[in-house]
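Chemist: build me a model from this:
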Amino acid sequence: MFEQFIGTKPVEERHRIDIPALEKYMRIKIDAMEQFKGGQSNPTYRFTDSRGQRYVLRRKPPGKLLPSAHAVDREFRVIAGLHKVGFPVARPHVLCEDESVIGTAFYVMDYVEGRVLWDQSLPGMTKAERFAIWDELNNVIAKLHLVDWRAAGLETFGKPGNYIERQIARWTKQYRASETAPVPAMDNLIEWLPKNIPPEAETTVVHGDYRLDNTIFHPTEPRILAVLDWELSTLGDPLADFAYHCMSWHIPPGQFRGIAGLDLLSLGIPTESAYVRRYCERTGRGDIDPSHWDFYIAYNLFRIAAILQGILKRVVDGTAASEHARDAGSRAKPMAELGWQQVEKILRRAA
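Modeler: Numbering: from 1, shown residues only. Alright, predicted model coming up:
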């Protein structure tokens, strides 16, 4: 799935899988198993059967977990539904919720050969190549928000309406459960955001964590073969989902997957306004109210801060799956501070 970019390693002792039990459950013979170096949330493995067929297994991490976190069952369900309607995801095979098999719930899907691109400035590419990659990212999230979720069998995948209100409440609760030190900016966001939610646009399938490195591109073409990591997906507000993807334009490169401050024109990367306009064209939307857009960005910076704080808490508790988890978790406070700066901009404009 993404081995050629982040690599695999021998399976860590704490994440070891009972291979005979898995073979019995899957009714196959496993010749080799490795663990991906990434997968901060859910440990992820590649294994090969006796016919040479390669698969990916994602499981909940062992140990005490936050409520509703690591929802591999939801990942599997949305992948199965979207695969049915032709959206680019890995072909799903089986979901096992019986923890007696390997110790935690897990699912298995196809291994997809391709490129996972981590640096959003896309070093080494031409202007035209960079533009094509970003345009495909735009195209695929627009395509996701146009999916008929009823036809995909996802009628009960989420609750239509009040998406942002419920998300703020959820991530506030998760943040409080994983808090390790006071962050005044996060406290400010928790106070301000629920009182200033814009009207909800509509209800669509939302990914919840759509970004460059959660996609697999064709080995040579600017074409997405599979979108990864559906743990946070649900039915919700597409503009909130799209704004999460657009946080990149607001985050400096040294902080967390950002392109703010780069010379986008010389790189061939679209400006945020051009990127938003293209998404609106593809989804048949009118222009987005600027004040609403600013809220969506602030809300998503709050949300990513809460997610990163959860990662930091797992480091403290010893359940984080990735060696890079501590670095990711340390970025929770800067993201919250960027979020509050966004709110301050809204307040200055309104004054």
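
Chemist: check the secondary structure at the nearest residue to E272 once chain neighbours are set aside for me.
Modeler: Leaving aside its sequence neighbours, E272 sits nearest to W249 (CB to CB, 6 or more residues apart in numbering; 3.9 Å). All C-beta atoms are positioned from the backbone trio N, CA, C, and that covers glycine. Under DSSP: H, G, I helix; E, B strand; the rest coil, W249 falls in the helix class.

Chemist: can you tell me how far W249 is from S273?
Modeler: 9 Å (CB to CB, to the nearest Å).

Chemist: and for H245?
Modeler: Using CB to CB, one gets 15 Å for the distance from H245 to S273.

Chemist: and if you look at K333?
Modeler: Using CB to CB, one obtains 29 Å as the distance from K333 to S273.

Chemist: quick check, central residue of the protein?
Modeler: By CA atoms, centre = their mean, the chain has its centre lying nearest to D209, at 2.3 Å.

Chemist: quick one, what contacts that residue?
Modeler: The contact partners of D209, by CB atoms under 8 Å, 6 or more residues apart in numbering, come to D229, E231, L232, Y244, I307.

Chemist: just the element for L235, please.
Modeler: Using DSSP states H and E, L235 maps to strand 234-236.

Chemist: that strand pairs with which strands?
Modeler: strand 204-206 (antiparallel) (DSSP bridges).

Chemist: now do the next helix or strand after the strand it pairs with: everything it contacts.
Modeler: Proceeding C-terminally, strand 204-206 gives way to strand 215-217 as the next helix or strand, assigned by DSSP H and E. Counting by CB under 8 Å, 6+ apart, the neighbours of strand 215-217 from elsewhere in the structure are 1-2, 112, 114-117, 133, 136-137, 140, 223-228.

Chemist: now intersect those residues with the helices, please.
Modeler: In this view, the contacts of strand 215-217 that belong to helices under DSSP state H are I133, E136, L137, V140.

Chemist: mind listing the helices for the stretch 1-150 of the chain?
Modeler: Assigned helices in the stretch 1-150 of the chain, in chain order: 3-6, 19-26, 72-84, 127-145 (criterion: DSSP state H, counting those that start in this stretch).

Chemist: winner for burial among those?
Modeler: By mean neighbour count, with neighbours taken as mean count of other CB atoms under 10 Å, helix 72-84 ranks first of those at a mean of 21.

Chemist: that helix vs helix 127-145, what angle?
Modeler: In this structure, helix 72-84 runs at an angle of 100 degrees to helix 127-145, with axes from the mean of the first three to the mean of the last three CA atoms, to 10 degrees as the basis.

Chemist: got any ranges where the stretch 201-350 of the chain has weak pLDDT?
Modeler: Of all residues in the stretch 201-350 of the chain, those with pLDDT under 70 make up the ranges 317, 319-329.
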